[in-house]
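S.K.: I'd like to go over a predicted model; first the sequence, then the structure.
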Amino acid sequence: MTRRLFGTDGVRGVANEGDLTPERLLLLGRAIGQVLADSLPLLHQETKVRLPRPAARQAVRGTARVLVGRDTRLSGPFVRDALLAGILSRGIGVVDGGVLPTPVVAHLARRERFDVGIVISASHNPMEDNGVKLFSSSGLKIPDAAERAIEELVEHPPETWDARTGDALGDHSVWPEAADSYVEDVVARYKDRLSLAGRKVVVDCANGATHGIAPRVLGALGAAIVPLNIAPDGTNINRRCGALHPQVVAKAVRAEKACLGLSFDGDGDRLIAVDERGRVRDGDFLLAMLGLDLKATARLPGDTIVSTVMANIGLDLCLEAAGVRLLRAPVGDRNVLAEMLSGGYRLGGEQSGHVIFLDESTTGDAIITALRVLEVVVRTGRSLGDLTSTMRKYPQVLLNVRVKSKPPLETVPRVQDEVRAVEEHLAGKGRLLLRYSGTEALARVMVEGPNKAEITRDAKRIAEVIERELG
């Protein structure tokens, strides 16, 4: 059976190892280019939901069909160059947008009708990692069939690739105004509906792809910005900052007496907020707040929100009390989006801070999420702490266990013995979830229940068994 190259969020690993060596990236680029040249319909998809399509501006030179952007990792340029060498060799034109957040590439690919948007990023992962994510001209992740076609060419390449020389090669150009174009689009959309004058906001850009964009958007709407981690050097992306370390913003919010804080991850698709008291408000809190606001203003189709199996049970209870249904999808923004598209729902997201508003974006966009949160705060005149107080979180423990292999956990007898023991202890008053990471060699153990000390012991018991059996 062909080895699976694409995980839940594209190709990912340690830069210059495995699938991210120059040789493998060149082959991946060739495969992408070949699918573009031979099987373009595979990359396009129809949905039941009408997706936002901003008017094209004819801003891009030439007849390029691929847009590429990257985050601020040291390995980004070499990954880009190796990948693009393969794409260009197949006669496919490329526009390089430079450092761009993931949602910006998706937005511009859709607006400018690129056949593919490519993001070179490992999102919230450490700087040693990198990855390749592909979006279609719809602004959605490319369909599974397209991934399979690319994988087949990578794993079983032709003995020789047909020669393309001279003007049969792809054209390469640079679009230095790509980030400016996104900023202009967003500010134009919000300038008449959101004034942040008099609001002090702490913004942590994780030394990542939003460092040159998020402060500009918020500042253009009148906010007094306290910027943090906006000096990327190639090695400091996500390092003790950003969405995985919201305590950095929490401390600054208290010191600056700001109205709230915003923590982005390295590629700008996650947002973790901090309220005026320095309390962390993750994706569960934000979905509760935003969903209740949309319900109250009759803008929530089907009175339904989509999240994942990781959403806290407190979110269910909060929404249920207001007549809102929570649908749970498997972990991953791709799965959340698939459920939204299938059911015609407009709001979905994850505890990790991916939030999708299908009336504005086709993927998680942390800047849009921040603006929607601020919009509710300004319109209601209530603080973020007050708006999120309607949800009470049950204690939840999540442990990551590094593993050497990923057999189905239900086939590991000693793990299942421990699972049964923990479930008996929970006695229907909590939740247990085991799963593998889709992007890292990790098993994740989540236990949720009313007593933090007890569920911590339960989670550690299972984690220790997994480590013994698979670590």
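M.R.: Nice, I can see it. Residues are numbered from 1 along each chain as shown.

S.K.: Work out which residue lies at the spatial centre of the chain.
M.R.: Taking C-alpha atoms, centre = their mean, the centroid of the chain lies closest to residue 269, which sits 4.1 Å from it.

S.K.: Please identify which helix or strand holds it.
M.R.: Under the criterion DSSP states H and E, no helix or strand holds residue 269.

S.K.: my guess is it contacts residue 354, does it?
M.R.: Yes. With contacts counted by C-beta atoms under 8 Å, residue 269 reaches residue 354, the gap being 5.9 Å. Placement of C-beta: from N, CA and C, glycine included.

S.K.: shared neighbours of those two, anything?
M.R.: Shared contacts of residue 269 and residue 354, defined by C-beta atoms under 8 Å, 6 or more residues apart in numbering, comprise 333, 364.

S.K.: before we move on, the earlier item: so who does the residue nearest to the centre of the chain touch?
M.R.: Contacts of residue 269 by C-beta under 8 Å, 6+ apart are 101-103, 123, 333, 354, 363-366.

S.K.: try residue 29
M.R.: Residues near residue 29 by C-beta under 8 Å, 6+ apart: 82-90.

S.K.: how about the strands in the stretch 151-300 of the chain?
M.R.: 172-174, 200-204, 224-228, 260-264, 271-274, 280-281 (DSSP state E, counting those that start in this stretch).

S.K.: a markdown table for the ones you listed, including distance to residue 73, mean pLDDT and mean neighbour count?
M.R.: Output for those, formatted as a markdown table (distance: least, C-beta to C-beta, whole Å; pLDDT from 0 to 100; neighbours: other C-beta atoms under 10 Å):
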| stretch | distance to residue 73 | mean pLDDT | mean neighbour count |
| --- | --- | --- | --- |
| strand 172-174 | 19 | 94 | 14 |
| strand 200-204 | 18 | 98 | 25 |
| strand 224-228 | 19 | 98 | 19 |
| strand 260-264 | 15 | 98 | 29 |
| strand 271-274 | 20 | 98 | 28 |
| strand 280-281 | 26 | 98 | 20 |
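
S.K.: Any idea which of those gets closest to residue 14?
M.R.: Residue 14 lies closest, by C-beta to C-beta, to one member of those: strand 260-264, at 23.2 Å.

S.K.: how many degrees apart are the closest one and strand 200-204 in direction?
M.R.: Interaxial angle of strand 260-264 relative to strand 200-204 (axes from the mean of the first three to the mean of the last three C-alpha atoms, to 10 degrees): 20 degrees.

S.K.: how would you label residue 123: helix, strand or coil?
M.R.: Secondary structure assignment for residue 123 (DSSP: H, G, I helix; E, B strand; the rest coil): coil.

S.K.: nearest spatial neighbour of it, skipping sequence neighbours?
M.R.: Once flanking residues are discounted, residue 123 sits nearest to residue 267: 4.7 Å by C-beta to C-beta, 6 or more residues apart in numbering.

S.K.: Please report how far that neighbour lies from residue 68.
M.R.: Note on residue 267: its distance to residue 68, by C-beta to C-beta, to the nearest Å, is 13 Å.

S.K.: repeat for residue 411
M.R.: Using C-beta to C-beta, residue 411 is found at 40 Å from residue 68.

S.K.: These two: who's more crowded?
M.R.: residue 68 (27 against 8; other C-beta atoms under 10 Å).

S.K.: in a helix, that's where the more buried one is, yeah?
M.R.: No. Residue 68: not assigned to a helix; according to three-state DSSP it is strand.

S.K.: Flag the shaky bits of the stretch 51-200 of the chain, pLDDT-wise.
M.R.: 51-64 (pLDDT under 70).
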